[in-house]
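Colleague: My questions are about this predicted structure, shown below with the sequence.
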Amino acid sequence: MVKTAVKVFLRTRPTATSGSGIKIGADGQSVSVNVPKDQAAGIINNQQESFSFKFDGVLENVSQEEAYTTVAHEVVDSLMSGYNGTVFCYGQTGAGKTFTMSGGGAGYAHRGIIPRALHHIFREIDLRVDKMYRVHVSYLEIYNEQLYDLLGDSPGTSDSLAVLEDSNNNSYVRGLTLVPVSSEEEALAQFFLGEQGRTNAGHVLNSESSRSHTVFTVHVEMRTSEAASERAVLSKLNLVDLAGSERTKKTGVTGQTLKEAQFINRSLSFLEQTVNSLSRRDAYVPFRQTKLTAVLRDALGGNCKTVMVANVWGEPSHTEETLSTLRFASRVRTLTTDLAVNESNDPGLLLRRYERQIRELKAELAMRDTLSGRSRVSYDDLTDDELRDLHATARRFLNGEAEPEELPTDSLKRVREAYKALRSVHAALRGEMAAQMAALQRATEDGSVMAAQLAAAAASGAVGDVDLRSTTGFTVGTAPVDARPPPRSEHGGDRTSHSTIPATLGAAATAAAAALRAQASQYTDAGSTYGDVSGPDSPSIARGSGAAAAARLGGIFAVPGDRNAVFRRYKADVAEGRELTAALKAASAALRETRGSVKALGEAVNGAKRRIDELSAAVAQRRSGAPGGGGGGGGGDGEVLDSEVYALVQELKSLKAQYRTDFDSLKAAREELEPQIQAVAVARGALLEAFDRWAAGQSDMVLKRMAAAGRAPGSPGGGEEEDELDAGEAFERMQLARITERDPDSLAYHAAMRRTAAPGATAARPLPGAVGGGGAKAAAAATRRMEATQGAPVYRAGAR
Ligand SMILES: Nc1ncnc2c1ncn2[C@@H]1O[C@H](COP(=O)(O)OP(=O)(O)OP(=O)(O)O)[C@@H](O)[C@H]1O
C-alpha cells in the first residue's frame, strides 16, 4: 500500500465582468480571495477581508486539453498500471463542473475529461501490445437519493442497486450494468447513451443545470500475457460530476427544483461532514449517511488515486459560494488514500491453468513413451473394472498364482495402484489368517485332547516328533526333515489347506501351525517392504514375457543398424507395415504443413512486433523531445513535430491491425497443431508396436535375411527419415512442436539459438532479442471480481 495525498486543482470559469475576487499567486498554486467589507456592518468591524488557500494547481483560462493533461492524465496512466482512480468536480451550480467533466456544447475541441480519458485509455491499450485488456463501462446516477443505472436495459430507479463492499473492502454498486467495450468509439457511444438516458428519464428539468450526481466508471482488466492469464489486474476509474450546490434563497427556486436542490445540498453537506471526519482522522467516518459518500468511499479514503477539481465562478456576486468551495477543497487536500494494485487470482482460471499443465505433461509423457518404443500407456485414473481386475491379480500374486509381470508397471500411477491393491489384499489375507490362527489356537488349547493326540502321534511316529527338550506345558513338535506343508488347494493356496487341518492331526497340526506362523510373519514383513513385494530373488520386470521377446530380438539385432534395416523392409514389404507407414506419412505431412504455416506466421508476427516496438519508441521519443511535449496546439516546430508523430501513429495503427490479423491466424494454426502431433504420435506408436509384435513372431532366419536386404543399397525406405528409429531427431522435432505450440513468438528466438549453436555459425545476422509475447486483444465478457461476491453486477452481452 502506498499512501497518496488527494490532489486538488482549482478551475475558474471565465467571468463576464472584469473584476474577479480571486487572485492567483505567482507559484500557480496559491489563491487569495478578497471579501469587501460589508458597509452595512459599520466602518469598524472584525470581518476578515482576505482568505488564502493553496492547491496543487490553478486552471485559469486554460484549454480543455490542458485541463485534462493537468488533472486526469496521471490518473489514467496509473489506471492502466492497475490502480483505481477517481476524478471528481465539485462547485456551485454553473461553475463549470459538467464543462470540465463531459465538455461544452461546442463540439470536439471542447470535449471534457470523460471523452479524453476514453481516448487515452484505448490509445494505451493499442500501444501495449504485450498485454491483454478488457474494458467495461458503467454509468450511475444519484438523483434525489435514488440510484439509477443509466446503461441498464430499463431506465428508472432500480431497487436492486445497492452500494456494497467487496472482500477487499472496495466499494461497488451491486446490480449495476457493466457494458463491455472494445474501442474508444464503443465506450463513447455508451457514455453518450447514458447522457441521453439521463435526459430521457425525465429528471433533468433544466438542461443548463445538472440536478443529479453522476459517476461514469471505466473498469479495466489487464492480463500480462496469455501464459500468465490466470492473474488479472483489475482497476477502475470513476469520473464524477457532482450536482452543484445552490443557495435556494438566492436562486428562489420552488416546487420540484427546490426539492432537488434540497436533496443535492443535503448530500453535499454529508460529503463535507465525511471529509471533515476523515480530515480529523475520526475513528468512525459516516460514509453510509448518504448514497454519494458510500459511492465515493474509496475515493475519499480507500484504495484510489483521487483528484478533485474545485470549480469556481469568480464573479464578485458569487464570492460567498466561491469561499465555501475553496474551504471544502482545502480540506479535501488534507486527505490521503492507500494505493494498491488489485490483483485477482480467479479460481476458475487457475483451474484451467492446472488442466492445461496436466494436458501438457500427458503430452510430454506420450512423447517419451513413443520415443522409447512404448505405446498406449494410459496415465488416466483406473476405472472401477480395472481396479477390480488389479485386486484379483494382486490376490492371485500373493497366493503365488500369478507372476510379478502380471502386475502393471507401465506407469507410476498404475504401479502405485498395484501397491495399494497388494496392501489391501494383504490386509484381508492377514485378517483371514488371524481368524484361522485363533481357531487353531482354541483347538490346541484343549490340552487333554491335544496331549492324547500328541502321545498317539508320537507313538505312531507318523508325522513329526515331540520336542522332549520342553518339559512344561504344550510343546510344538519338530517336523521331520521330509515333512511338507499340505498341498495347495485350487483357490486358497496354503492358507486354505491350513484352515482345513483338523485339530486332531497332532504333530502334523503343530508343524502346519509353525509353517502357518512362518508364512504369517513373512506376510507381516512384506507389509513394510511393498516396494519390493516379490523379494530380491523373484524375476524382475525385465524378465517378463515381452522383455524375453525383446531380449531374443536383441540377440538377432546385435549388429548396429540391423533393427532399422529390418524395420525398413517391414515398412516396404509387409502389408501391415506398408499400411501403417502410409498412415504415419499422411499424418506427418499434415503436421509438416501446419508447422510451416505456424512458422511463417510466427515470423510475420515477430517482424510486426519488432516494427511496432520501434515505432512506439520513436513516437515516445519525439513526444518527450517536443517543447511542451504532449503535442497539441503548439505552433511552429510543434506543428511539424505533431505531423511527424501523426504519420508515425498512423503507420503504427495499420501495423497493429496487420499484427492482430496475423496473430489470430497464428492462433488458429496453433490450435490445429496439438491434435496433429497426437495423430503422428499415435500413428508412429502403432507402427512401432506392430513391428515389434510382427518381429517377435518371425524366425531368426527370416529376420536375418531381412536385415541383410534392408542394409542393401537402394533398399526401399532406406532414405526415409520420417519414421526412422532416430530417437534424438524425433525428440528434437517434438520439442520444436511443443515450443511452437506454447509460444509461437519465441520460434524465431529458438531458431536463432539453434543457428548460432550450429557448427560454422556466424554473427552476420544478429541474434534477435527475446521478443515480447503478443497477447491477443479480446473483448469478450470478463469474469470479474465482483461476480464472486454477493450480487454480481449485470453484464451486458455486447456493446450497443
Ligand atoms: N472554463 C469554461 N470555459 C468556457 N465555458 C465554460 C467554462 N466553464 C463553464 N462554462 C460554461 O458555463 C456554463 C455552465 O457550466 P456547467 O454546466 O459546466 O456548470 P456546472 O457546474 O456543471 O453547473 P450545474 O451544477 O448547475 O450543472 C456552460 O454553458 C459552460 O459551457
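Modeller: Cool, got the structure.
Colleague: who in the stretch 101-250 of the chain is up against the ligand?
Modeller: By C-beta under 6 Å from any ligand atom, the part of the stretch 101-250 of the chain that sits against the ligand consists of 104, 209-210, 243-244. C-betas here are computed from N, CA, C, even on glycine.
Colleague: Now, the residues you listed that are in strands?
Modeller: Among these, the subset assigned to strands under DSSP state E is empty.
Colleague: Please parse this structure into its domains.
Modeller: 2-38+45-344+787-795, 378-543, 556-774 (automatic domain parsing).
Colleague: for the longest one, what is the average pLDDT?
Modeller: The one in question is domain 2-38+45-344+787-795. Per-residue pLDDT values over domain 2-38+45-344+787-795 give a mean of 83.
Colleague: give me phi/psi at Val295?
Modeller: The main-chain torsion angles of Val295 are listed as degrees, to the nearest 10 and equal phi -70, psi -40.
Colleague: Quick check, it in contact with Val173.
Modeller: Yes. With contact defined as C-beta atoms under 8 Å, Val295 and Val173 form a contacting pair (7.0 Å).
Colleague: hmm, back to that, now render the residues of the stretch 101-250 of the chain next to the ligand as TSV, adding neighbour count.
Modeller: What follows is those, written out as TSV (neighbours: other C-beta atoms under 10 Å):
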residue	neighbour count
Gly104	14
Ser209	17
Ser210	22
Ala243	25
Gly244	26
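Colleague: Taking the residues you listed, tell me the two that lie furthest apart.
Modeller: For these, the farthest-apart pair by C-beta to C-beta is Gly104 and Ala243; their separation is 18.0 Å.
Colleague: if we can go back for a sec, now render the residues of the stretch 101-250 of the chain next to the ligand as a markdown table, adding distance to Gly301.
Modeller: Putting these into a markdown table (distance: C-beta to C-beta, whole Å) gives the following:
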| residue | distance to Gly301 |
| --- | --- |
| Gly104 | 32 |
| Ser209 | 30 |
| Ser210 | 25 |
| Ala243 | 22 |
| Gly244 | 24 |
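Colleague: between those, which is nearest Ser167?
Modeller: Nearest to Ser167 among those, with distances taken as C-beta to C-beta, is Ala243, at 31.8 Å.
Colleague: Mind telling me what element the nearest residue to the closest one once chain neighbours are set aside is part of?
Modeller: What sits nearest to Ala243 in space, not counting adjacent residues and going by C-beta to C-beta, 6 or more residues apart in numbering, is Ile264, at 4.4 Å. Ile264 belongs to helix 255-279 when elements are defined using DSSP states H and E.
Colleague: what about that helix and the ligand, touching?
Modeller: No. Legend: contact between helix 255-279 and the ligand by C-beta under 6 Å from any ligand atom is lacking; minimum distance shown is 8.4 Å.
Colleague: Any buried residues in that helix, and which?
Modeller: By neighbour count with 16 or more other C-beta atoms under 10 Å, helix 255-279 contains the buried residues 257, 260-261, 263-265, 267-268, 270-272, 274-275, 277-278.
Colleague: One more: stretch 652-662?
Modeller: Residues of stretch 652-662 classed as buried by neighbour count (16+ other C-beta under 10 Å): 652, 655-656, 658-660, 662.
Colleague: Tell me the residues of the chain that contact the ligand?
Modeller: The chain has residues 13-14, 91, 93-99, 104, 209-210, 243-244, 311 near the ligand, with proximity defined as C-beta under 6 Å from any ligand atom.
Colleague: Just these: which are in helices?
Modeller: With helices defined by DSSP state H, the entries of these inside them are 97-99.
Colleague: Asn238: which of the residues you listed is nearest?
Modeller: Closest to Asn238 out of those is Lys97 (14.5 Å), distances taken as C-beta to C-beta.
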